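S.K.: requesting a structural model of the entry that follows:
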Amino acid sequence: MKILKKELSGNSKLSIVVASFSMYAYKELKKELENVEEVAFLFNKPLFTGKCSKEILESERNIFGSEFEAKIKSDLLQKKIARECADWIQKKVRFKSNVSGEIMPGFVAINGKAYTGIQDFTKVDLGAATGNNAYYPIVKTDETENSRYFLKMFDEIWNDTARTKDVTKEVLDRIAFLYNENSPEFLYFVILYKIFSEFLDDITEDKLPNEATGFKDSKIWNTLYQFQKDAAVAIVNKLEKYNGCILADSVGLGKTFTALAVVKYYESRNRSVLILCPKKLAENWNTYKSNYINNPLAADRLRYDVLFHTDLSRDHGNSNGLDLGRINWGNYDLVWRV
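M.R.: Coordinates of the predicted model:
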């Protein structure tokens, strides 16, 4: 950090290749960066280009501060810093992203001198904050053939429109989120995303229910409210990924029908299902699988077995019409404990 502050001057031209940018690194070097002539900033990954992967999203989020800059983020100065940073970018900086797929090691070049080993333009990589690396091997190359090589390669890549894409507007738009006055509706959706983003990340397409089974045409599925349908899909995803799931909705939110939708899905795949419930609830669960006039789901022809929690400790006798001594417990594909 001290070296960069010393090197930066009013006529400096700054060329940077890194994986991410933090506005708090700008804040740390604000006095010096405001006086440079121009900054060419190249992301060595396709940031702000519409690419969506966990690695890219994490790097893009660094613009609001990395995980090691959390203390600064809690000082409630983000709006002021973001506005100042945006003003500086509009006057001095141009951002581009590497869209070629090539690996581009990070470096910073100032006035013909290159500093290699810098991975991100954050306070940590600039030496102004502590990260989780034991050390940061930054190497300085003076005005030699090596420095000229780095600058020559940078200029070639920077001017190659097939290998880079200008993302200055996208960076400015992202920073503007912090200082713009946002509508209550926008804030509501941001809160929802923050709450459920882990759930969304956890859902993978190959673990989602297979609609070819026709379970969405079932009576039970079309009886559910949307939140119950979402819960059923999430449960199937968890079962397929982790072989287990807990449905913990509050009383009155229809856990039984959500469970029956999951049961119907697995039965549509010709899987065997066992319901383990308290004995006092046996009539309810038996009704939903029987050809009774008071069964609202009779059209689905559910066929699961119903046993009681206490049956797990028994090895003989009859329970709910089943001979416990002859049950093939290992043949059940899904066990739902109520």
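
S.K.: all contacts plus neighbour counts: C-alpha atoms, from now on.
M.R.: Fine.

S.K.: show me what whichever helix or strand residue 171 is part of is packed against.
M.R.: Residue 171 belongs to helix 168-179 when elements are defined using DSSP states H and E. With contacts defined as 3 or more C-alpha pairs under 8 Å, 6 or more residues apart in numbering; DSSP states H and E, helix 168-179 has these neighbours: helix 78-92, strand 93-98.

S.K.: looking at the ones you listed, which is nearest to residue 255?
M.R.: Residue 255 lies closest to helix 78-92 among those, at 42.8 Å (C-alpha to C-alpha).

S.K.: residues contacting that closest one, please?
M.R.: The contact list for helix 78-92 (C-alpha atoms under 8 Å, 6 or more residues apart in numbering) reads 23-24, 26-27, 34, 36-39, 172, 175-176, 178-179.

S.K.: ok, of the residues you listed, which come out buried?
M.R.: The neighbour count (16 or more other C-alpha atoms under 10 Å) marks 23-24, 26-27, 34, 36-39, 172, 175-176, 178 as buried among those.

S.K.: so residue 304 makes contact with residue 271?
M.R.: No. When contacts are counted by C-alpha atoms under 8 Å, residue 304 is not listed as touching residue 271 (9.4 Å).

S.K.: okay, angle between the helix holding residue 171 and strand 93-98 too, please.
M.R.: Orientation of helix 168-179 against strand 93-98 (axes from the mean of the first three to the mean of the last three C-alpha atoms, to 10 degrees) gives an angle of 110 degrees.

S.K.: what is the orientation angle of helix 168-179 with helix 78-92?
M.R.: 160 degrees.

S.K.: renumber starting at 585 from here on
M.R.: Okay, using 585 as the starting number, the last item reads as helix 752-763.

S.K.: helix 752-763 - what's its average pLDDT?
M.R.: For helix 752-763, the mean pLDDT works out to 90.

S.K.: and it, how far out from the chain's middle?
M.R.: 20 Å (C-alpha atoms, centre = their mean, to the nearest Å).

S.K.: next: stretch 807-815.
M.R.: So, by C-alpha atoms, centre = their mean, the centroid of stretch 807-815 is 24 Å from its chain's centroid.

S.K.: tell me which of the helices and strands packed on helix 752-763 lies nearest to residue 708.
M.R.: Using C-alpha to C-alpha, the nearest of the helices and strands packed on helix 752-763 to residue 708 is helix 662-676, at 17.7 Å.

S.K.: any buried residues in that closest one, and which?
M.R.: 662, 665, 666, 667, 668, 669, 670, 672, 673, 676.

S.K.: before we move on, back to that, tabulate the buried ones among the contacts of helix 662-676 (JSON lines), appending distance to residue 821.
M.R.: Formatted as JSON lines, the buried ones among the contacts of helix 662-676 follow (distance: C-alpha to C-alpha, whole Å):
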{"residue": "607", "distance to residue 821": "38"}
{"residue": "608", "distance to residue 821": "39"}
{"residue": "610", "distance to residue 821": "42"}
{"residue": "611", "distance to residue 821": "44"}
{"residue": "618", "distance to residue 821": "51"}
{"residue": "620", "distance to residue 821": "52"}
{"residue": "621", "distance to residue 821": "53"}
{"residue": "622", "distance to residue 821": "50"}
{"residue": "623", "distance to residue 821": "47"}
{"residue": "756", "distance to residue 821": "37"}
{"residue": "759", "distance to residue 821": "35"}
{"residue": "760", "distance to residue 821": "36"}
{"residue": "762", "distance to residue 821": "35"}
